[in-house]
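Trainee: Sequence first, predicted model second:
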Amino acid sequence: MTFSATAQAMSSPPSARVRMLPPPNAMTTLHQAPELLRGPCNDDPFEEQMLWAFRHNQNVFVSARSTVMPASVAQGRLAHLARQLGTMCSRVENDRMETAAPSPAIATAAAASTVPLTQHQQRRRLLREMPCAKCKTARPKVVVRQDAFCVECFQRNVGAKFRTVLGKLRTPVEDAGGRAQMMVAYSGGTASRVLLQLADEYNKASRSQRFAGFYLCHVDESALAQDQDAATAFLEGVRRVAAEFTFTYVEEKLENIFDSDDPASMPAQKHWMLSVMPTRLQSSSIFAEELRAVLQQTTLCNAEKLRLLFSRIQSATTREDILEYFRQVLLRRAARRHECAAVWTADTATRVAIRTIANMAKGRGATLSHETAQTSELDEHGIAVWRPMRDTLDKEAVLYVYQRALSMPPPLRWPHHHRPRGKASIGRLSQDFIVGLERDFPATANTVTRTVGKLTPSAALDPTRRCPLCQRPADQDAADWNRLCTVATLDALRAGLADAKNSLPNLPLTFSDVVVTSSSTTGDRGDAKCGDTTAECCGSVNAGASTSCCENKAIKDSGTDDKPIDLLPTLCYGCFVNMRDLPAVLTFDPSRQDVDVCFPLPTFVGDMARQRVREEQLREHIQDFLLDDSDEGDANDEV
Amino acid sequence: MPPTPCSICQRERAMLRRPKTLQRLCRSCFYAVFETEVHQTIQRHGLFKRGDRVAIGASGGKDSTVLAYVLKLLNERYDYGLELFLLSVDEGITGYRDDSLETVKRNRDQYALPLKIISYEELYGWTMDRIVEAVGRKNNCTFCGVFRRQALDRGALLLGVDHIVTGHNADDVAETVLMNILRGDIARLQRCTEIMTAGDAEGAVRRSKPFKYAYEKEIVMYAYFKKLDYFSTECIYSPNAYRGYARAFLKDLEASRPSAILDIIHAGEALLIRADVKMPTQGQCERCGYVASNRLCKACVLLEGLNRGLPKLGISGRASVPDGPAVSAKQP
């Protein structure tokens, strides 16, 4: 059915038909919209003809008389009426004003609709010409996507979206064991401020929906701040805001990531260092082939380790990733300590869309649904991450804070925060990309959010095997997958050429020569690994960072527990890419030969890697006795 | 400073920096590495069987020219036992396709491969020039993409081949993954990272992308150093603003981290759709028997629109996201 508006003369539909035709609910809706029906309703043929046409699946004719109202108003009312009547709305909007011979007034409107208005013009027009899209009475104040709302409806809408998501999330928890404790993550930013407010109001609204307890957790990153005064002021601001609520306030220091979960697992005075060994220091490859976690003596305090780590990671993408995962680990740890069932984060639709794009670009597809869904999978301690603001836009969050004048801590810019300028990091690029698209296509964030909502964690994931670094379930094939689609070494190339049937007529003569003679280089490298690593450590780590690097060797040899661990194969794909990126600095800047290649690691990383390696070894031991599906088939056959 | 040696053979002088890994390589190592990667892709996914008749979708552009060259070379080197053909679609775009077809004809002679050209004119009775006259410049890529997909299949049937290979490279695949996320096309999101179409429906010819893991820049580099003869003009009707955003973003990502393109493909392959999400089922077009998600296939709907003078028929009215072509809509 195509609607078109035209001024051509048209006999008015018989009034009797008008009376019996409109379906009762449509009629009711119309009467509930006084703004729309204001004016000479009965002798304005506009609505009558609309209803008549809707009923008859006919074109909508707007008679010349109705054009006494401004064309834009007529157009707005046409669209609005159609929206009232449900399904016809979009079709009217898409095809309206497509006429052969429009009246001058309509023609202006039609021309206006073909020349695309800027977003600003569209907003202006919505605010000027339409009533609030929700209550249909008040004057609108804000435009969200394509609708204008009055202040009350807007705020109610934000709350309603929050409650809808939360309603779905809390049911399984309640089914499982009644009232649970919750932890709200509060960063001091706008979105989490809204989350805090909404959580508080939700909890106060009725006794029946109250949770058993609320904690408020702030991860204090001031150890990374350059301007300590500003950081202190910010932290005080956060505490002031937190004090406004009845929730129990918990503060986690970012550097405590280096504390052990289980103090017994780690001898005092030792810590894990990540020792990076690029393929060859002088090689032009940017990728590391070896990453080892080694135990070292330490005199560093946690904050020093944290600063050392972040100052040594050159890639902004890796830095922002690690920061993000540290935060999550800390939040979960706090939740566990306070026996909370879930951590609430203020991931808005905008933020979820940005993370979706960024995680895709970082190769984290397998865990994408985990990171973007309304709730994550439960971790090994049964704690989930909830995202009750997943349907709210960043813009709405900012407007909400502004309109209600919610208290905020003083603004603070972090040097290591995930806000590098320009094109420095993938997170930043993704943010600019989504925010830029939102400007022209306001539905972008919601579309992306809806799309990833249809995903589920990859079947390749084994929930019992976690990546030591990001603590997410790890996909197993990171290094293999890469090797299969990139031939980066001579060995790989020779393997690839081995099954050539013809005598390589298209290869240069020198090459077959090389293929034979160069095997020695790679062999040597394998043997020299240990020595190299140590030497490199000693040469490169400055005095403050590692007082006794050479003790390394002694520790390494002393007991099985202290053996360096080959970290690369245990990582998930995303962390594998991140870590492989680490030595980039070595090769990009040849003048810096003395560059540091050791990175302090949190205890849990080394511990978990060690555990993974042990499991792997055990598995190898009993490998011959394990049955896989094909073996089972054979066994059955024998029986 | 002494010249840097190639980081693979350690002998020759490095001539180029490889976009995928930023290694410095000599020319012959670059060729060998590039070809070996394509070979490994073909082997690992079992794209071909001995004796297969394979049509190379050839547009005369860089991707398909390099694909034809490399496939012919690998077929000899590894003795795949394939019979290769060039298959071109003539969309009827004056000043673009007629020129690029000349390139394809030269390639036919250079590589001694048989060539079949199939035109929109003979299949549908419409050239793209006339379609653009009828529908304007806004949605014409939809027509071209939908028609080309079918044209390739029909050409393949005429040639009696088992398999069509197209020159889609890693950049194209990564870009399509992003596009499908952005416009919420969940079914295509899952399909677009597959290297080979299932080809289970009878009559459907298998399609694959041997360059799925090959960077666009490396393909250009390969063509440049090998001095291959290709046609490098953009389609005169092509600009698609929305896809342009994704492309620009991808280039930025690549600059920020060279492995990002591969990482997106890896992520795309790992995506899994919830079991309870309703997916369009593929059936057959009532009119022409081609694969279709609806009663009629898209090409028949579009064609009917054209013939009845209702060119808007079948073009969805998404308000915010223009209906850009899917991966299949790229130049073959």
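Mentor: Structure's in. What do you need?

Trainee: Can you give the domain ranges for chain B?
Mentor: The record's domain split for chain B, according to automatic domain parsing, is B:27-279, B:280-332.

Trainee: Need the distance between the two termini of the first one.
Mentor: End-to-end distance for domain B:27-279, by CA to CA, to the nearest Å: 47 Å.

Trainee: host element of the closest residue to residue A:485 other than its chain neighbours?
Mentor: In this structure, residue A:485 finds its nearest non-sequential neighbour in residue B:213, 3.8 Å apart by CB to CB, 6 or more residues apart in numbering or on different chains. The way it works is simple: take the backbone N, C-alpha and C, and place the C-beta from them, glycine included. Per DSSP states H and E, residue B:213 falls between elements, in no helix or strand.

Trainee: Tell me which of the domains of chain B is the most buried.
Mentor: domain B:27-279 (a mean of 20; mean count of other CB atoms under 10 Å in any protein chain shown).

Trainee: For residue A:251, the count of nearby residues, please.
Mentor: By other CB atoms under 10 Å in any protein chain shown, the residues close to residue A:251 number 15.

Trainee: can you tell me how far it sits from chain B?
Mentor: Applying CB to the nearest CB, to the nearest Å, the value for residue A:251 to chain B is 34 Å.

Trainee: how does chain A divide into domains?
Mentor: Chain A breaks down into these domains under automatic domain parsing: A:17-142, A:152-271+A:312-452, A:478-638.

Trainee: Just the pLDDT for the residue nearest to residue A:485.
Mentor: Note for residue B:213: predicted pLDDT of 93.

Trainee: swap in residue A:213?
Mentor: 86.

Trainee: tell me the SS of the single nearest residue of chain A relative to chain B?
Mentor: In chain A, the residue that lies nearest chain B is residue A:365 (2.8 Å; CB to the nearest CB). Using DSSP: H, G, I helix; E, B strand; the rest coil, the structure places residue A:365 in coil.

Trainee: Isn't it up against residue B:268?
Mentor: Yes. Proximity of residue A:365 to residue B:268 meets the contact threshold set by CB atoms under 8 Å, at 6.0 Å.

Trainee: what helix or strand does residue 123 sit in?
Mentor: The chain I'm using is chain A. helix A:119-129.

Trainee: actually it's chain B I care about, not the one you picked
Mentor: In this assignment (DSSP H and E), residue B:123 forms part of helix B:120-124.

Trainee: Packing partners of that helix?
Mentor: Counting contacts by 3 or more CB pairs under 8 Å, 6 or more residues apart in numbering or on different chains; DSSP states H and E, helix B:120-124 packs against strand B:83-90, helix B:140-159, helix B:298-308.

Trainee: before we move on, back to that, tell me, what's the model's pLDDT at the closest residue to the residue of chain A closest to chain B other than its chain neighbours?
Mentor: Leaving aside its sequence neighbours, residue A:365 sits nearest to residue B:267 (CB to CB, 6+ apart; 2.8 Å). Looking at residue B:267, its pLDDT is 92.

Trainee: What helix or strand is the residue in the stretch 201-332 of chain B that chain A sits nearest to located in?
Mentor: Nearest residue of the stretch 201-332 of chain B to chain A (CB to the nearest CB) works out as residue B:267 at 2.8 Å. Residue B:267 belongs to helix B:260-270 when assigned by DSSP H and E.

Trainee: Sketch out the low-pLDDT regions of chain A for me.
Mentor: Counting by pLDDT under 70, chain A has low-confidence residues at A:1-116, A:176-178, A:261-271, A:274-293, A:297, A:414-423, A:476, A:502-562, A:581-597, A:627-639.

Trainee: meant to ask about chain B, not that
Mentor: B:1, B:198-204, B:238-241, B:310-332.

Trainee: Can you list the residue ranges for strands in it?
Mentor: B:16-17, B:24-25, B:53-57, B:83-90, B:115-119, B:163-165, B:206-208, B:272-273, B:283-284, B:291-292 (DSSP state E).

Trainee: which other helices and strands contact the third one?
Mentor: Counting by 3+ CB pairs under 8 Å, 6+ apart, the packing neighbours recorded for strand B:53-57 are helix B:62-77, strand B:83-90, helix B:140-159, strand B:163-165.

Trainee: Make TSV out of those and add distance to residue B:193.
Mentor: Output for the helices and strands packed on strand B:53-57, formatted as TSV (distance: least, CB to CB, whole Å):
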stretch	distance to residue B:193
helix B:62-77	18
strand B:83-90	24
helix B:140-159	18
strand B:163-165	17
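
Trainee: Redo those as JSON lines? Include distance to chain A.
Mentor: Output for the helices and strands packed on strand B:53-57, formatted as JSON lines (distance: least, CB to the nearest CB, whole Å):
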{"stretch": "helix B:62-77", "distance to chain A": "5"}
{"stretch": "strand B:83-90", "distance to chain A": "16"}
{"stretch": "helix B:140-159", "distance to chain A": "16"}
{"stretch": "strand B:163-165", "distance to chain A": "17"}
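
Trainee: Which one, of those, ends up nearest to residue A:216?
Mentor: Among the helices and strands packed on strand B:53-57, the nearest to residue A:216 by CB to CB is helix B:140-159 (51.4 Å).

Trainee: In PDB, list the C-alpha atoms belonging to that closest one.
Mentor: Extracted in PDB, the C-alpha atoms of helix B:140-159 (Å, rounded to 0.1, in the frame of the first residue of the first chain):
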ATOM      1  CA  ASN B 140      22.000   0.900  -8.300                       C
ATOM      2  CA  CYS B 141      24.700  -1.200  -6.500                       C
ATOM      3  CA  THR B 142      21.900  -3.400  -5.100                       C
ATOM      4  CA  PHE B 143      20.900  -4.300  -8.600                       C
ATOM      5  CA  CYS B 144      24.500  -4.800  -9.800                       C
ATOM      6  CA  GLY B 145      25.400  -7.000  -6.800                       C
ATOM      7  CA  VAL B 146      22.400  -9.200  -6.900                       C
ATOM      8  CA  PHE B 147      22.500  -9.600 -10.700                       C
ATOM      9  CA  ARG B 148      26.200 -10.300 -10.700                       C
ATOM     10  CA  ARG B 149      25.900 -13.100  -8.200                       C
ATOM     11  CA  GLN B 150      23.400 -14.900 -10.400                       C
ATOM     12  CA  ALA B 151      25.300 -14.000 -13.600                       C
ATOM     13  CA  LEU B 152      28.400 -15.700 -12.300                       C
ATOM     14  CA  ASP B 153      26.400 -18.800 -11.400                       C
ATOM     15  CA  ARG B 154      24.700 -19.000 -14.700                       C
ATOM     16  CA  GLY B 155      28.000 -18.500 -16.500                       C
ATOM     17  CA  ALA B 156      29.500 -21.300 -14.400                       C
ATOM     18  CA  LEU B 157      26.700 -23.600 -15.500                       C
ATOM     19  CA  LEU B 158      27.300 -22.700 -19.100                       C
ATOM     20  CA  LEU B 159      30.900 -23.500 -18.800                       C
END
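
Trainee: Residue A:295: helix or strand, and which one exactly?
Mentor: Residue A:295 is part of strand A:288-297, with elements assigned from DSSP H and E.

Trainee: Just the buried residues of the very next helix or strand once past that strand, please?
Mentor: Per DSSP H and E, strand A:288-297 leads on to helix A:302-312 as the next helix or strand towards the C-terminus. Residues A:302, A:303, A:304, A:305, A:306, A:307, A:308, A:309, A:310, A:312 are the ones in helix A:302-312 that count as buried (16 or more other CB atoms under 10 Å in any protein chain shown).
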